[in-house]
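A.B. asks: For reference, the sequence and a predicted model appear below.
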Number of protein chains: 2
Amino acid sequence: MITINEHFLKLKAGYLFPEISRRVGSFQKANPDANIIRLGIGDVVKPLAPAIVEAFHAGVDQMSQADSFKGYGPEQGYDFLINAIIENDFKSRSVDISTDEVFVSDGSKCDSGNIQEIFGLDNVIAITDPVYPVYVDTNVMAGRSGEGDEQGCYAGMVYMPCTAENNFTPALPSEPVDLIYLCYPNNPTGTVASKETLAQWVNYAKENKAIILFDAAYERFITDPSIPHSIFEIPGAKEVAIEFRSFSKTAGFTGTRCGFTVIPKEVKAYTESGEAIEVNRIWNRRHCTKFNGVSYPVQVAAAAVYSDEGKKQIDENVSYYMENASIIRTHLQELGIEIYGGENAPYVWLKTPDGRSSWDFFDQCLENAHVVGTPGAGFGPSGEGYFRLSAFGFRDNINEAMQRLKKL
Amino acid sequence: MITINEHFLKLKAGYLFPEISRRVGSFQKANPDANIIRLGIGDVVKPLAPAIVEAFHAGVDQMSQADSFKGYGPEQGYDFLINAIIENDFKSRSVDISTDEVFVSDGSKCDSGNIQEIFGLDNVIAITDPVYPVYVDTNVMAGRSGEGDEQGCYAGMVYMPCTAENNFTPALPSEPVDLIYLCYPNNPTGTVASKETLAQWVNYAKENKAIILFDAAYERFITDPSIPHSIFEIPGAKEVAIEFRSFSKTAGFTGTRCGFTVIPKEVKAYTESGEAIEVNRIWNRRHCTKFNGVSYPVQVAAAAVYSDEGKKQIDENVSYYMENASIIRTHLQELGIEIYGGENAPYVWLKTPDGRSSWDFFDQCLENAHVVGTPGAGFGPSGEGYFRLSAFGFRDNINEAMQRLKKL
């Protein structure tokens, strides 16, 4: 008799964003004339930059001619893209990464969801709370947790609360943990980690033979020059960290799909008998067996992110969104709402007024202001009482949303 | 201490195709002037059809304008593509599939590799032997096997030999199995399954509460009208089968990346306590949590596969490759080599002359004829003594390869 993976049945409700879609869809159906402004899911709105579009077309053209057609490519990605990544994202920050340490993929959600597969089921998972749900859910599915409670907390996982009280900087775990998910600039709180904070984590990982899974999907939005863009800027991190990067928010690739993961060869995980195994080699085996590389024209488009024109155009898009974030901050501050983030990240994290619950405030914003945000509680128990607004929107909509919230 | 998933360490050697690449690369390096003809990995050579290229460009253009830009799409794929799939691949064959039973992905290698995740680790896996290595390796990685032996056979998995002796039609398993991987038209043997054969499997699955994972990536190459293209053409199959489809070979998408999986809502798997769970719902949860949809322009390109122009152009490409297969068959027959397949599939499966081992014959072809094929033993122990030639090549190369093999 075929059995189901019962760990899936432990998952609470739907994945956050489909649940938001469901509520918005049902409201829109009941109110077809409502002009809903969506600042919930962190999805870009500006079209692909001209340099990227041009490269994308060129890639498609290559597929149309026999002598330039590309069939199966290297599962890890083409060197032209990997070299551009290394040169611009790492070498420019004095981080030394080699070509076989970069794995191009169809997005960092996939990578940050799949990475846990290559580790043992006995590892203790540490996550910041609130957190991007993918880290939690994929470990629950794999069986690295017990049952979930009403708040969506799973037994056996170590939650590290990040709230206004600790300035969104979690304490190091008091119990030993093995796999630590960190995301900076942070989704959902929009806060950042200093070099000192990251150095503490690197030291912790070295001392405890733990691995840090560092999600840097939002690094491009950092404006403060003292904040590291890559965890590999921290001495020793190459021994204990894996980094995820994405073109989704950086270059508007949410619908185009491309990201990459960096696994230095120094990173080791251990067998039960204590043998050290190169994690890079195991991920490579996984990547080659279960993945067939990213669409060639998409890789050509992604490489244009690093061209002179591409960089300039993307800087403009990033500035546009960060100006949005600044507008959101200013308006909410005027309303006397406590806010965090939005200075080095495209997310503003706010404390819901009058101590309302996150989903209450979500429904209130949707029903009365026709503005969609993301309920903090959807990111974990410590997100309760908070709410996320995304700066990914057109300026007029951001302004209009702020006016509507003022009237609320 | 972070532990590695030790099941990965059970995997024998490299994944087959990277190993072939390594040998070919090393030969090419030592013999830079050798004009190597690659009929090993089943990779298409003809460029994308004009109708597909046109649609692909149109998709990219939509990404360049704010009012037609697409960010995150539905993880399951856009309706315009799903509807075209249902209409052309299923309704046309009197198979009734609904939109929420189709999951578009970036390739059937990914889906056929990932699908096992949603089932329990206690399931017994049955595979035909020889077999596409992804089915085996992904189950080994997950822990559904013991150690492998020298021939690459893993303890605890049920191998169903397919050889000339049984006309490449495996007997139903004598011991109970839960998850059955079938691929027809078959990779690597190029053989097909009749309606009667598939009906036996469907009955077996119903009687034993098993699930069939049916890989139909090569259905487009079927020329015999009596052979089913989809397992869902068999009455009752919708209760016990999942089907994988790919645009890779059909439409030259090996470098463009798109495929899909069909999971009827009737398919159930069970909890330990015997509760029936809808597999579609669990896969949907997995798909939404670990995947973010296929690149929008790629989906537009894939939909063009079903346009009138697209169909015509793709038929021409398929005929071209099948004419290659026929040429390969004719020449090998003239050489007195025993051959199979190549009539309803783009692969010709041959018995190595003089009882040579598969890898010996591989090295002989590479070194003396500069022709790359795939050693049958790489697909499993029953593939030993066989060799696969792919019909995916330019006509001149196919003819040249045949001349060289004659001289061998």
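C.D. replies: Nice, I can see it.

A.B. asks: can you give me the strands for the stretch 151-300 of chain A?
C.D. replies: With DSSP state E, counting those that start in this stretch, the ranges of strands along the stretch 151-300 of chain A come out as A:158-161, A:179-183, A:211-215, A:241-246, A:259-262, A:268-270, A:276-278.

A.B. asks: can you put the ones you listed in CSV and add distance to B:Leu11?
C.D. replies: In this view, the C-beta of every residue, glycine as well, is placed from N, C-alpha and C. Conversion of the strands of the stretch 151-300 of chain A to CSV gives the following (distance: least, C-beta to C-beta, whole Å):
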stretch, distance to B:Leu11
strand A:158-161, 31
strand A:179-183, 22
strand A:211-215, 21
strand A:241-246, 21
strand A:259-262, 20
strand A:268-270, 16
strand A:276-278, 13
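
A.B. asks: Now for the spatially closest residue to A:Glu87 that is not a sequence neighbour: which residues touch it?
C.D. replies: Leaving aside its chain neighbours, A:Glu87 sits nearest to A:Tyr306 (7.3 Å; criterion: C-beta to C-beta, 6 or more residues apart in numbering or on different chains). When contacts are counted by C-beta atoms under 8 Å, 6 or more residues apart in numbering or on different chains, A:Tyr306 is found next to A:84-85, A:87-88.

A.B. asks: could these be laid out in JSON lines, adding distance to B:Thr128 and neighbour count?
C.D. replies: Converted to JSON lines, these look like this (distance: C-beta to C-beta, whole Å; neighbours: other C-beta atoms under 10 Å in any protein chain shown):
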{"residue": "A:Ala84", "distance to B:Thr128": "43", "neighbour count": "18"}
{"residue": "A:Ile85", "distance to B:Thr128": "40", "neighbour count": "23"}
{"residue": "A:Glu87", "distance to B:Thr128": "46", "neighbour count": "12"}
{"residue": "A:Asn88", "distance to B:Thr128": "47", "neighbour count": "14"}
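
A.B. asks: Out of these, which is nearest to B:Glu19?
C.D. replies: A:Ile85 (27.0 Å; C-beta to C-beta).

A.B. asks: How about the helix or strand where that closest one lies and chain B, touching?
C.D. replies: Assigned by DSSP states H and E, A:Ile85 belongs to helix A:79-85. No - Helix A:79-85 lies apart from chain B when judged by C-beta under 8 Å from any C-beta of the partner chain; the minimum separation is 13.7 Å.

A.B. asks: What residues of the worst-scoring helix or strand of chain A on mean pLDDT count as buried?
C.D. replies: Lowest mean confidence among the helices and strands of chain A (mean pLDDT, DSSP states H and E): helix A:16-30, at a mean of 90. Within helix A:16-30, the residues that count as buried by 16 or more other C-beta atoms under 10 Å in any protein chain shown are A:16-18, A:20-21, A:23-24, A:27.

A.B. asks: which residues touch that helix?
C.D. replies: The contact list for helix A:16-30, computed with C-beta under 8 Å, 6+ apart, reads A:13-14, A:34, A:36, A:38, A:40-41, A:133, A:362-363, A:366-367, A:372, A:374-375, A:378-379, B:288.

A.B. asks: May I have the strands that pair with whatever helix or strand comes next after that helix, each with its orientation?
C.D. replies: Downstream of helix A:16-30, the first helix or strand assigned by DSSP H and E is strand A:37-38. Applying DSSP bridges, strand A:37-38 is found paired with strand A:371-372 (parallel).

A.B. asks: Compute the mean per-residue pLDDT across the partner strand, please.
C.D. replies: Averaged across strand A:371-372, the pLDDT comes to 96.

A.B. asks: Report the distance from that strand to the chain centre.
C.D. replies: 21 Å (C-alpha atoms, centre = their mean, to the nearest Å).

A.B. asks: Tell me the helix or strand right after that strand.
C.D. replies: Toward the C-terminus from strand A:371-372 - assigned by DSSP H and E - lies strand A:374-375.

A.B. asks: which other residues reach that following strand?
C.D. replies: Residues outside strand A:374-375 that contact it (C-beta under 8 Å, 6+ apart) are A:16, A:20, A:40-41, A:188, A:357-359, A:361-362, A:383, A:387-390.

A.B. asks: can you tell me which residues contact A:Trp359?
C.D. replies: Contact partners of A:Trp359, counting by C-beta under 8 Å, 6+ apart, are A:375, A:377-378.

A.B. asks: May I ask you to confirm that A:Ala304 is in contact with A:Pro50?
C.D. replies: No - under the criterion of C-beta atoms under 8 Å, A:Ala304 makes no contact with A:Pro50, lying 9.5 Å away.

A.B. asks: These two: who's more crowded?
C.D. replies: A count of neighbours by other C-beta atoms under 10 Å in any protein chain shown puts A:Ala304 above the other of A:Ala304 and A:Pro50, at 26 against 13.

A.B. asks: Domain-wise, how is chain A divided?
C.D. replies: Domain assignment for chain A by automatic domain parsing gives A:6-47+A:309-407, A:54-306.

A.B. asks: can you list the ones you listed in a markdown table and add distance to B:Ala126?
C.D. replies: Formatted as a markdown table, these follow (distance: least, C-beta to C-beta, whole Å):
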| stretch | distance to B:Ala126 |
| --- | --- |
| domain A:6-47+A:309-407 | 22 |
| domain A:54-306 | 19 |
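
A.B. asks: tell me the most buried of those domains?
C.D. replies: domain A:54-306 (a mean of 20; mean count of other C-beta atoms under 10 Å in any protein chain shown).

A.B. asks: Which of the helices or strands spans the closest residue in space to A:Ser68 that isn't next to it in sequence?
C.D. replies: Nearest residue to A:Ser68 in three dimensions, chain neighbours excluded: A:Gln62, at 4.0 Å (C-beta to C-beta, 6+ apart). Element membership for A:Gln62 (DSSP H and E) is helix A:50-63.

A.B. asks: Can I get that helix in PDB, CA atoms only?
C.D. replies: The C-alpha trace of helix A:50-63 is given here as PDB (Å, rounded to 0.1, in the frame of the first residue of the first chain):
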ATOM      1  CA  PRO A  50      16.000  47.600 -21.400                       C
ATOM      2  CA  ALA A  51      19.500  46.100 -21.200                       C
ATOM      3  CA  ILE A  52      18.000  42.900 -19.900                       C
ATOM      4  CA  VAL A  53      15.200  42.800 -22.400                       C
ATOM      5  CA  GLU A  54      17.800  43.300 -25.200                       C
ATOM      6  CA  ALA A  55      19.900  40.400 -23.900                       C
ATOM      7  CA  PHE A  56      16.800  38.200 -23.400                       C
ATOM      8  CA  HIS A  57      15.800  38.700 -27.000                       C
ATOM      9  CA  ALA A  58      19.400  38.000 -28.200                       C
ATOM     10  CA  GLY A  59      19.300  34.700 -26.200                       C
ATOM     11  CA  VAL A  60      16.000  33.700 -27.800                       C
ATOM     12  CA  ASP A  61      17.500  34.600 -31.200                       C
ATOM     13  CA  GLN A  62      20.400  32.200 -30.500                       C
ATOM     14  CA  MET A  63      17.800  29.500 -29.900                       C
END
